[in-house]
Structures are given as structure tokens and as C-alpha cells.
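S.K.: The amino acid sequence is not available; the structure is as follows:
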């Protein structure tokens, strides 16, 4: 089972330039809200296509995948704190509990319930 508690597990491939760092900081602050590629590109002061290419090259994954990783990392913390999965889902920006479950399993290889059972 993989854990996303370390920043190194979020896919960061190397040193990011200032525009990409601004976008990452925006994601870290706003992950629970809808985060669009256009918003991230504007935050980085780049065109959408240039931003997407630079982000993938510097971080190692797509911006959307990074947002999902950040959301799952925060979901892990809330779940460990005893917050019900249905509440966690909306708190971290997923549409509903099944949306959380799909991304959680894709990211960590386990469901939220199995993750909690293994953590006990």
C-alpha cells in the first residue's frame, strides 16, 4: 500500500519553475474547490497548452492527476481523524463518496474502508 503523506509521493519529478510553483501552491490552497486547467494556467501566467506541457515535464504527472493526488492525501488525513467517507469526499473536492473511492483506489490501490482497517 502506498502512502501520500510525504511530498515526494505526490509525483514531483524535480525542481519546478516559478510559474509551476505558483500553480502547485494554488492547488494546495484550493484543492477542495473546482480547479480548472484554465485557472491553473492563468495562475502560472502561461497559455493552457504551454502550462500543461510544462507541468507534466516538471512534475511528472498531469495537473489533473496532481489535484487528485492532493485530494487523496487530504482525504487520508480526514479519514484517519474519524471523519466519515461521505463527508470526506465533499470536504476534499470530490463529487461524492464513490468518486472519492475511485480515485482513492486508483491512487493507493485500496478502498477508503480497507485503508482505515489496515491503519487500525
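M.R.: Structure received. Here the structure is a predicted model, which is why all the values come from computation and not from measurement.

S.K.: In contact with residue 22, which residues?
M.R.: 43, 44, 45 (C-beta atoms under 8 Å, 6 or more residues apart in numbering). In short, each C-beta sits where N, CA and C put it, glycine included.

S.K.: quick check, nearest of the residues you listed to residue 61?
M.R.: For the contacts of residue 22, the minimum distance to residue 61 (C-beta to C-beta) is 15.8 Å, reached by residue 44.

S.K.: out of the contacts of residue 22, who's nearest residue 54?
M.R.: Nearest member of the contacts of residue 22 to residue 54, counting by C-beta to C-beta, is residue 44, at 7.7 Å.

S.K.: Residue 59 and residue 45, how far apart?
M.R.: 17 Å (C-beta to C-beta, to the nearest Å).

S.K.: before we move on, the earlier item: give me the buried entries from the contacts of residue 22.
M.R.: 43, 44 (16 or more other C-beta atoms under 10 Å).

S.K.: Other residues contacting the longest helix belonging to the chain?
M.R.: Across the chain, the longest stretch assigned as helix under DSSP state H is helix 63-80. With contacts defined as C-beta under 8 Å, 6+ apart, helix 63-80 is touched by 3-5, 9-11, 23-24, 27-28, 31-32, 35, 37, 40, 51-52, 55-56, 59, 61, 85, 87-89, 91-94, 100, 103-104, 106-108, 112, 115-116, 119.

S.K.: so how far is residue 118 from residue 97?
M.R.: 19 Å.

S.K.: These two: who's more crowded?
M.R.: residue 97 (17 against 9; other C-beta atoms under 10 Å).

S.K.: if we can go back for a sec, work out the gap between the longest helix of the chain and the centre of the chain.
M.R.: For helix 63-80, the separation from the chain centroid amounts to 4 Å (computed by C-alpha atoms, centre = their mean, to the nearest Å).
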